[in-house]
Each structure stands twice: as structure tokens, then as C-alpha cells.
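> kindly return the folded structure for what I paste below:
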Amino acid sequence: RWHKTFWNASTSDSDVGAPAPAPARAPVPGGLVGGTYGDGSQTRSFCYVDDLVEGIYRLHFSDETRPVNVGNPDEITIGEFAEEIIALTGTDQKVVYKPLPENDPKQRRPDITRAKEILGWAPAIERAEGLKRTYAYFQTLTPEELNKSEHKDFQVFKRSQAMEYHAHETAVIDHGASIGAGTKIWHFSHIMPNAVLGERCNIGQNVVVSPGVVLGANVKVQNNVSIYEGVTCDDDVFLGPSCVFTNVTNPRSAVSRRGKYARTRVGKGASIGANATIVCGHDIGAYAFIGAGAVVTKDIPAYALVVGNPARQLGWISAFGHRLEFDENGQGICAESGEEYSLIQDSAGNSAVVKQEENGNA
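Numbers count the residues shown, from 1 in each chain. Here you go, the predicted structure:
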């Protein structure tokens with residue numbers, strides 16, 4: 001039995017009979033908290049959706065055939081719940097009490113003894129933490145998004161969001177992930193909370209995109225790639241099959257490095273070949289080309305072609321992916337596009353390549 005549940009897009013109580021946390025959705029200084037029925041003394045208990053899904057998942061794979069309560073037994077009055085939300089949002093909203101519906105129960109609290117004994121399950125996310133996550137989600141929405149008519153019906157809202165991108169039925173899209181229109185996510189891939197995918201990305205099979213990862217528009221990720229927290233890819237990046245990103249330089253199982261992840265940035269149009277490894281804390285310049293199996297241990301300049309372990313530079317490559325040959329004046333032309341490039345010295349005295357239009361149309 002599924003008991004009171006709330007989540008990042010909870011705006012209607014039509015499915016589960018739970019009072020929707022209105023001020024968490026759209027806090028307005030001086031506003032009113034609507035939808036609080038009775039005098040607020042009736043009690044309810046609220047389970048965050050991640051815990052609910054875990055309980056249902058365990059029940060699905062168990063042999064149990066009798067009902068099992070899945071919910072959070074932490075009981076609170078509706079009035080206290082409203083005040084918690086007001087405190088969380090930091091507004092001066094007031095609670096408005098409406099007439100109590102007929103036969104509305106005064107107390108609801110699930111007994112989860114059987115869930116503990118049979119499933120080894122109990123909720124892990126406290127109500128305060130769940131409310132923080134819910135509020136954080138709605139803070140990312142614009143006023144226009146908050147007021148969409150679709151938000152009055154979660155199922156309509158969910159379908160409207162899903163229509164903007166394609167995800168295979170085996171893909172897992174966590175709440176809080178942002179996915180751009182036209183993006184495709186294929187078999188057994190996992191997009192985690194707070195990951196950001198731009199428009200028209202293509203995510204292959206068995207890919208993991210971790211929290212905080214940002215992928216620009218038109219990023220192509222081939223099969224079996226794990227993109228860990230700390231990685232940012234600009235527009236038009238190509239990540240080859242089974243390439244590897246790290247985010248800790250000295251990992252130990254017994255030592256937590258959480259929150260200390262090194263950053264890696266992959267510039268616009270760069271390509272990383274199959275089975276290449278990118279050691280964290282280094283930037284890969286725009287349109288750089290990392291050969292298959294290379295191990296990158298330092299920053300890679302724009303348009304550089306690197307191979308080997310450790311990766312070493314063989315030369316320069318155009319935005320269309322062709323080797324560049326430069327004449328005595330440092331000028332080169334892409335064999336496919338005809339675009340012109342210049343070999344120059346940067347401010348540090350290192351060699352660098354720029355397209356003519358990037359070099360002041362020289």
C-alpha cells in the first residue's frame with residue numbers, strides 16, 4: 001500500500017490524497033498558503049518519492065503476496081507541515097484554513113513493520129531533506145514554467161516533458177535531471193539528479209551521467225561511458241566508446257573524497273577516442289582530437305592531435321577532423337572545408353592554432 005508521498009513535481013493531490021506543498025512550489029512574500037483544510041490539527045506522514053520507489057522495487061522482486069505498507073511513519077500535523085514549508089522558503093506567507101472535507105480522517109500513519117521485516121526497507125530520507133530537494137527543484141523554474149497549466153496535473157506535465165526528448169524504456173532518468181529538446185537516451189543509460197543535457201544530445205547504451213555534469217548541445221556519447229561529477233562538455237563534443245573520465249587523482253576506498261572532485265572541461269567540438277582516459281583536473285581545448293586509448297595527463301590546446309600513454313602531441317587538426325600542414329608562413333588549409341588556419345605563438349610563447357576568423361580575419 002502506497003502512503004502519502006511527495007516529490008519534485010508534486011502539485012496535485014489527485015493521485016495520492018496528499019496535501020500539496022503550495023509554498024514550496026511558488027513562494028511569494030506576503031502570500032497565502034492555500035489548500036490547508038480543517039484547523040491543521042489532523043496528522044499525516046509524508047514519504048519522499050525516492051524512498052517510496054525503493055520500497056516498491058523491493059516488494060516487486062520479493063515473494064510476498066500480501067499487502068505491505070510503504071510510507072514514512074514520521075507523523076506531523078498539517079499545520080506544522082505548513083509552518084515547516086514557510087520556514088524553509090523564508091517568506092512571510094500566512095496559513096489559510098479551509099473547511100474540512102466530510103469524513104476526512106484525523107490521523108494517518110502507516111505501520112511499516114512488515115516492510116522492515118520482509119523487505120528490509122525503511123525510509124532513509126527525512127522529511128526536511130525531501131522538502132529541501134523539492135523546493136530546490138521549483139526554484140529552478142521560471143514564473144512562466146511555474147504557472148503552466150500542465151502543472152495542475154502531474155501526469156499531463158510528465159507527458160509534456162517527456163515529449164521533448166526520447167528515452168528508451170530501459171533508461172533511468174532521475175528527478176532533477178535537465179534534458180534538452182531533441183535529445184535521445186538509449187538502452188540502460190542512467191541520467192542522475194542535477195545532470196544537465198543540452199538540446200540534440202545522443203546518449204548511447206550503458207552510459208552514466210552523474211550529478212552536476214553539464215553537457216552542451218549536440219554532444220554525442222557512445223556506449224559504455226561514465227561521465228562523473230566535475231566534467232563539463234561544451235557544444236558538439238564527441239565521446240568515443242568506453243572512454244574514461246576520472247574526478248579524483250588519489251582515490252582510496254576507505255577515504256571519502258566527496259565534494260573534492262577535480263574539474264575537467266572539454267572544449268567545443270573536441271573528440272575523445274575509444275578507450276581514452278582523461279585524468280581529472282585538465283582542460284581539453286576546442287576541436288582537440290584525443291586518439292583511441294590515449295591517456296591525457298595535462299591540458300590539451302585547441303586543435304591539438306594527441307595519442308599515446310601518456311598522451312603526446314603529433315600535430316594539429318582542423319574543426320572537420322583533418323591533419324593540418326603549415327607552410328613557412330604558418331598558414332594551413334583544411335582539406336575538406338577549405339577553412340584557413342594560422343600557427344601562432346600565444347602569450348606564453350607556446351604554439352597555438354587559430355582559424356582565420358578567430359585571428360581577427362587575418
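> how about the closest residue to N309 other than its chain neighbours, what does it touch?
Take N309 and drop its neighbours on the chain: the residue closest to it by Cβ to Cβ, 6 or more residues apart in numbering is V295, 4.2 Å away. To be clear about C-beta, it is placed using only N, CA and C from the backbone, and glycine gets the same treatment. By Cβ atoms under 8 Å, 6 or more residues apart in numbering, V295 lies in contact with 276-277, 279, 308-311.
> likewise for S41?
77-79, 106.
> wasn't it part of a helix?
No: counting by DSSP: H, G, I helix; E, B strand; the rest coil, S41 is located in no helix; its state is coil.
> wait, doesn't D236 sit right on G269?
Yes: contact criterion Cβ atoms under 8 Å: D236 and G269 qualify, at 4.5 Å.
> mind listing the helices for the stretch 101-250 of the chain?
113-114, 127-139, 143-146, 154-162 (DSSP state H, counting those that start in this stretch).
> give the rounded mean pLDDT of the longest one.
The average pLDDT within helix 127-139 is 82.
> gap between it and the chain center?
Here helix 127-139 is found 15 Å from its chain centre; the criterion is Cα atoms, centre = their mean, to the nearest Å.
> contacting residues around the residue nearest to H3 when sequence neighbours are not counted?
Nearest in space to H3, with sequence neighbours left out and distances taken as Cβ to Cβ, 6+ apart, is G71 at 2.8 Å. By Cβ under 8 Å, 6+ apart, the contact set of G71 is 1-5, 45, 47, 52, 110, 112, 123.
> quick one: contacts for the closest residue to P105 other than its chain neighbours?
In this structure, P105 finds its nearest non-sequential neighbour in Q42, 7.2 Å apart by Cβ to Cβ, 6+ apart. By Cβ under 8 Å, 6+ apart, the contact list for Q42 reads 77-78, 100, 104-107.
> and W2, what pLDDT?
74.
> elements contacting the helix or strand harbouring L59?
For L59, the host element (DSSP states H and E) is helix 49-60. Counting contacts by 3 or more Cβ pairs under 8 Å, 6 or more residues apart in numbering; DSSP states H and E, helix 49-60 packs against strand 5-6.
> pairing partners for the strand it packs on, with directions?
Applying DSSP bridges, strand 5-6 is found paired with strand 47-48 (parallel).
> show me what the strand it pairs with is in contact with.
Here strand 47-48 makes contact (Cβ under 8 Å, 6+ apart) with 3-7, 70-72, 123, 125, 127, 129-130, 133.
> who wins for neighbours among those?
Of all the contacts of strand 47-48, N72 has the most neighbours under the rule other Cβ atoms under 10 Å, reaching 27 neighbours.
> next helix or strand past the helix holding L59?
strand 75-77.
> list the helices and strands the helix or strand that that next one is followed by packs on?
Per DSSP H and E, the first helix or strand lying C-terminal to strand 75-77 is helix 78-89. Applying 3+ Cβ pairs under 8 Å, 6+ apart, one finds that helix 78-89 contacts helix 22-25, strand 32-37, strand 43-45, strand 94-98, helix 127-139.
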